Each structure stands twice: as C-alpha cells, then as structure tokens.
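Asker: Give the three-dimensional model of this entry:
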Amino acid sequence: MQEFLQILNTTGFVSFSWGNLVMIAAGIVFIYLAIVKGFEPLLLVPIGFGIIVGNIPGMLEQGLGVASEGSVLSYLYFGVNKGVYPALIFLGIGAMTDFSTLIANPKLILLGAAAQVGIFGTFLGALLLGFNVLEAASMGIIGGADGPTSIFISSKLAPHLIGPIALAAYSYMALVPVIQPPIMKLLTTPKERLIRMKPPRQVSKKEKIFFPVITFLVTAIIAPGGVVLLAMLFLGNLLKECGVTERLALTARTSLIDIVTVLVGFTVGAKTTADVFLTPQSLGIFFLGAFAFAIATAMGVLFAKFMNLFVKDKINPLIGNAGVSAVPASARVSQMMGQKYDPTNYLLMHAMAPNVAGVVGSAVAAGVLLGILGS
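Answerer: As a prediction, the model looks like this:
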C-alpha cells in the first residue's frame, strides 16, 4: 500500500484542479474549431494541444513546465520570450506576400492605417481598466489581430503577460471569419456591397524590387523601434521579388515559417496554464481584445465609406475589414462576403492591399510604442 500511495503521489490525479479541467476543455475546443470548423488550423491545432499539455497536473512539480528553468519547454519558449520567433515569422510573411495591389493602388494603404485605430483604442481601454502604461502598450497590438507583433512588443515591455496577450491575439486571428462578417454587414448597404472595383494596373518587376527597399527605409526611419520586424518583412519580400534568391524565399515561406508557427503555437498554448489565464487580469485582456478587434474592423469599413465621398473610382467597403493584420484570413473574408452578394465579384486581390498595409502598420505602431516606452 505504501508503494502504491507513493506511485499515486507522482501522478497528476493528486493535484488535479478545476482550473486544469477548464483549460484542458478550452484546448479541446480550439482543436475542434480548427478541425471541424476550419478556423485557421495551422494556428489553433498547435495552440490547443499546447494548452492541453501545459495544464497537465504535476508538470510544474516535476520541473517540466514552460516556467520551469532548464526544462525542454522553457528552451522552446525562449524564442517567444526573446522575440525571436516573431522576427522569423515576419521573414516568412514577407516571402509569401505580393505587394502588387498596394503598389498599383496606394490609396488603399489608408484602410490599413484606419484599422490601426483598434491598436490605440485597446491601449486607452487598457489604461482605463487599470493596467500600467507598459502593459497597455503590449496589449494594444491585439487590436490589430497581429500575433507575432503582439508577442514581440510584450516580450520587451510586459514579459509577464506574453501568454494571455499572445493567446488573445492568435485567437482573434483565427476567429476572423466569425467576428468580422456581422460587423461588415451591419455597416454597409446592399448597394455598397455590390460595388465592382476596377482591376489594378500591371506592376513592373522594377517596382516590386524597389518597393521593399524604399518602404523599409521610410518606415524604419519613422519607427526605429520596429526595425527588426520591418527588416525581416521586407527582406523576405525582396528575396521573393528579386528573382535570384528563389531558393531562400521558398524556404522562408514554407519550411521555416511552418516550423516557427508550430513552435509559437505550441509554446504559447503550454504557457497558458490555469493559474496564469484564469485570473481577472488575463480574462480582461481576452475580452478587451475582442472589443478592440471589432473596433479595428469597423474603422476599416467606415473609412472606406468615407473615402468614397472623395474618390472617382469607388471602393467596395467590404475590403475595409482587411486593414487588420490577419493575413490572408481577413482578405478571404472580404472575398467571401463580396461573393455572397454577387458571385461574380472578386475582391480578394483588392483586399490584399489593405491587408498587407495592416501588417506594416501594426509593425510601425509597435515601433512607435517601443520608441516612446522602451527606453
């Protein structure tokens, strides 16, 4: 009996709590949404499984958790904690992004800028809820639905909140097809949803090569705090467009970003333990993020309607939602909503312009916040 009790004490049954049960159930829900509903499975499957792993009772007692110094999970989490993984993800994003539509129709960058209101709205909301200025700045990027940038800035300003901030940002990236369509429908008229935009002009090879170099110089000078993310984003794009480094571009947009995505999702999930997430502070972050993401979506749509008051070639406001940084999920939502009302209307190529502008915008916003608060 003594040996049996000793063995029993090494199992997780002894320390199993309701918090473990709740978080394991949450991980299962994430996996369900990914597999059954198809919500960003590349993100939700590793995150959901990571949540399950991180909430196995007894892990911390045996020194195996993310927070346990010297454990395997702590070493894997190093790339999150130090902002390494977000930079590598931006390299992959750059290598898979086509900026042609944005180059051809540069005024659409304003939609990406308008959606960044969600970032500063989250920042102010967090301050009103009692978070300090560094925590509020770290939470702000959730409003742009930018997981990598959220991790990067929180690793610099509020490392103790990386887990809930990253989980919130990636959750809303994955739930774009659920959150955005009702807002888009509410803020547009049937006539506006049927607007057909002119095909963008053909962009030359030289323009595609010059764009990442010139845009990096401009944005990095404006926001030096975001230079790491901006450099990796535009380096990846230059690798793609220059025509002589296709092998590197292929690796960056396939193998590299896939490996890093798995590691980010799994370790962020494993970090989200019951004692970290099931607190008023963490739940406040999660719900504030939902509100901020809705505001960012609404501002993009409303600003497209505002631009139509002044431009000759009308903009379908359904592409305004793509101003957030969830690439290419929010652009696909624009396409889906447009075809729901007119099956022959193709908005995807137009929506990619504000979508990639949103990625750049969130990195610039992060750089500005880091420049002001990071010193």
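
Asker: ok, now which ones touch K205?
Answerer: E241, G243 (CB atoms under 8 Å, 6 or more residues apart in numbering). (C-beta placed from N, C-alpha, C; glycine too.)

Asker: Then G147?
Answerer: With CB under 8 Å, 6+ apart, G147 has these contacts: L43, A166, A169, Y170, M173, V264.

Asker: can you tell me how far it sits from I162?
Answerer: 11 Å (CB to CB, to the nearest Å).

Asker: Show me which of the contacts of G147 is closest to F90.
Answerer: V264 (12.0 Å; CB to CB).

Asker: Correct me if wrong: that closest one contacts N81.
Answerer: No: at 11.4 Å, V264 does not count as touching N81 under the criterion of CB atoms under 8 Å.

Asker: Looking at those two, which one has more neighbours?
Answerer: The neighbour count for V264 versus N81, taken as other CB atoms under 10 Å, is higher for V264 (28 against 17).

Asker: Quick check, pLDDT for that one.
Answerer: pLDDT, V264: 93.

Asker: Tabulate the CA atom coordinates of the helix or strand hosting A95 in PDB.
Answerer: Assessed by DSSP states H and E, A95 sits inside helix 84-96. This file holds the C-alpha atoms of helix 84-96, laid out as PDB (Å, rounded to 0.1, in the frame of the first residue of the first chain):
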ATOM      1  CA  VAL A  84      13.000  35.600 -32.000                       C
ATOM      2  CA  TYR A  85      10.000  33.700 -33.400                       C
ATOM      3  CA  PRO A  86       8.000  36.800 -34.400                       C
ATOM      4  CA  ALA A  87      11.000  38.100 -36.500                       C
ATOM      5  CA  LEU A  88      11.300  34.700 -38.300                       C
ATOM      6  CA  ILE A  89       7.500  34.700 -38.900                       C
ATOM      7  CA  PHE A  90       7.800  38.200 -40.500                       C
ATOM      8  CA  LEU A  91      10.500  36.900 -42.800                       C
ATOM      9  CA  GLY A  92       8.200  34.100 -44.000                       C
ATOM     10  CA  ILE A  93       5.200  36.500 -44.300                       C
ATOM     11  CA  GLY A  94       7.400  38.800 -46.500                       C
ATOM     12  CA  ALA A  95       8.400  35.900 -48.700                       C
ATOM     13  CA  MET A  96       4.800  34.900 -49.300                       C
END
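
Asker: Show the average pLDDT along stretch 156-171.
Answerer: Rounded mean pLDDT across stretch 156-171 is 86.

Asker: List the buried residues of that stretch.
Answerer: 156-158, 161-171 (16 or more other CB atoms under 10 Å).

Asker: Show me the shaky parts of the stretch 251-375 of the chain.
Answerer: Within the stretch 251-375 of the chain, the ranges that satisfy pLDDT under 70 run 374-375.

Asker: what about the helices in it?
Answerer: Applying DSSP state H, counting those that start in this stretch to the stretch 251-375 of the chain gives helices spanning 257-271, 274-277, 280-307, 329-341, 348-373.

Asker: so which of the ones you listed comes closest to G118?
Answerer: helix 280-307 (2.6 Å).

Asker: Remind me what that closest one packs against, helices and strands.
Answerer: helix 109-115, helix 117-128, helix 133-140, helix 162-174, helix 176-187 (3 or more CB pairs under 8 Å, 6 or more residues apart in numbering; DSSP states H and E).

Asker: In CSV: the ones you listed, plus distance to Y32.
Answerer: Listed next are these as CSV, based on distance: least, CB to CB, whole Å:
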stretch, distance to Y32
helix 109-115, 29
helix 117-128, 27
helix 133-140, 27
helix 162-174, 12
helix 176-187, 14
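
Asker: ranking the ones you listed by burial, who's on top?
Answerer: helix 162-174 (a mean of 27; mean count of other CB atoms under 10 Å).

Asker: contacting residues for the residue nearest in space to the middle of the chain?
Answerer: For the chain, the residue nearest the mean C-alpha position is D146 (2.5 Å; CA atoms, centre = their mean). Taking CB under 8 Å, 6+ apart, we find D146 in contact with A169, M173, V324, S325, A326, G358, V359, S362, A363.

Asker: quick one, phi/psi of it?
Answerer: phi -120, psi 100 (degrees, to the nearest 10).

Asker: Which residue is the nearest non-sequential neighbour of I52?
Answerer: Nearest in space to I52, with sequence neighbours left out and distances taken as CB to CB, 6 or more residues apart in numbering, is G27 at 3.9 Å.

Asker: Locate the one you found within the secondary structure: which element?
Answerer: For G27, the element it lies in under DSSP H and E is helix 18-35.

Asker: How far does that helix sit from its chain's centre?
Answerer: 20 Å (CA atoms, centre = their mean, to the nearest Å).
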